[in-house]
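Novice: Whatever this is, show me its structure:
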Amino acid sequence: MRVEINVKNYHLDNEFSELIIKKLSRFDKYFNDNAKAKVKLSTQNKTETMEITVSFNGNVVRSVASSDDMKSNLDVVLPKLERQIIKHRSRFTDKMKKTAFESPALYEDKEEPVRSTNVVKVKKFQVSVTTVENAAEEMELLSHDFYVFINGDTNKVNILYRRNDGDLGLIEPEY
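Specialist: You can find the predicted model right below:
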C-alpha cells in the first residue's frame, strides 16, 4: 500500500512518520498493491487531528480521531479502519486480497455497542431558491450546521455545511 502523509500546523518527525507507515503496512493483508492511504495530520487550537483515508479499487474507508496526542490518535484510528473493513467485507471481498479474512483481525474488537441507524425523525421544510452567499447568511441566522437550498445559478439542490475547521463547504450533486 502506498502511503501519503500531509501535514498542516503539525511538526512531523521521521520517527513518527515511520511508525505510521509501519502500522499501515499491517493492512497490506487486506489490500492489493493498488491501495493508497492518505494520512492528514493537523493541529488546531491545541487539538491534534489524524484522518486516514484508504482508497482501493474505487472504494474508500476513512477514519478520524482528535485528541491532545497524535500517537494516541493513531491507536484510535487504525482499529476504526479495520472495523469498517470487516463490517463491509461482503461489499469489498471481490476487490480485496483473496486471503484477507482468513487470518484473525489485527485489532481485537472490543464489542462496542451497536448504534442504531434507524431514521428516528422526519422533518419537512420549504426549499428556497437563493444564492450561496444568501444561504450562508441564512444558515448563520438560524445557527444551523447545514442548509439545504436550490442554487439560483444552477437550479440544482445544494447543501451548505460548516466544516470542522470552521469554514463552509458546499455539496453540489451531479445528476
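Novice: going forward, measure contacts between C-alpha atoms and count neighbours the same way
Specialist: OK.
Novice: and the next element down the chain from the lowest-mean-pLDDT helix or strand in the chain?
Specialist: None of the helices or strands of the chain scores lower by mean pLDDT, DSSP states H and E than helix 89-92, at a mean of 60. Using DSSP states H and E, the helix or strand that directly follows helix 89-92 along the chain is strand 129-130.
Novice: Now tell me what touches that following strand from outside.
Specialist: The contact list for strand 129-130, computed with C-alpha atoms under 8 Å, 6 or more residues apart in numbering, reads 149-152, 155.
Novice: Sort out for me which of those residues are in strands.
Specialist: Judged by DSSP state E, strands contain the following of the contacts of strand 129-130: 149-151.
Novice: Not counting sequence-adjacent ones, nearest residue to the residue nearest to the spatial centre of the chain?
Specialist: Against the mean C-alpha coordinate of the chain, by C-alpha atoms, centre = their mean, the closest residue is residue 62 at 4.0 Å. Leaving out its chain neighbours, the residue that sits closest to residue 62 by C-alpha to C-alpha, 6 or more residues apart in numbering is residue 53, at 4.3 Å.
Novice: Confirm for me that the one you found is in contact with residue 37.
Specialist: Yes: Residue 53 is in contact with residue 37 according to C-alpha atoms under 8 Å; the separation is 5.6 Å.
Novice: More neighbours: which of these two?
Specialist: Taking neighbours as other C-alpha atoms under 10 Å, residue 53 and residue 37 compare with residue 37 leading, 21 against 18.
Novice: Run through the bridge partners of that one.
Specialist: Beta bridges link residue 37 to residue 3, residue 54, judged by DSSP bridges.
Novice: what residues are up against residue 17?
Specialist: residue 5.
Novice: contacts for the helix or strand hosting residue 135?
Specialist: Per DSSP H and E: residue 135 is located in helix 132-142. Contacts to helix 132-142, defined as C-alpha under 8 Å, 6+ apart, come from residues 145-147, 149, 151, 160.
Novice: Can you turn the buried subset of those residues into a selection I can paste into PyMOL?
Specialist: The following PyMOL line selects those of the contacts of helix 132-142 that are buried, judged by 16 or more other C-alpha atoms under 10 Å:
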select buried, resi 146+147+149+151+160
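Novice: possible to save the contacts of helix 132-142 as a markdown table with distance to residue 75?
Specialist: Converted to a markdown table, the contacts of helix 132-142 look like this (distance: C-alpha to C-alpha, whole Å):
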| residue | distance to residue 75 |
| --- | --- |
| 145 | 29 |
| 146 | 31 |
| 147 | 35 |
| 149 | 39 |
| 151 | 42 |
| 160 | 33 |
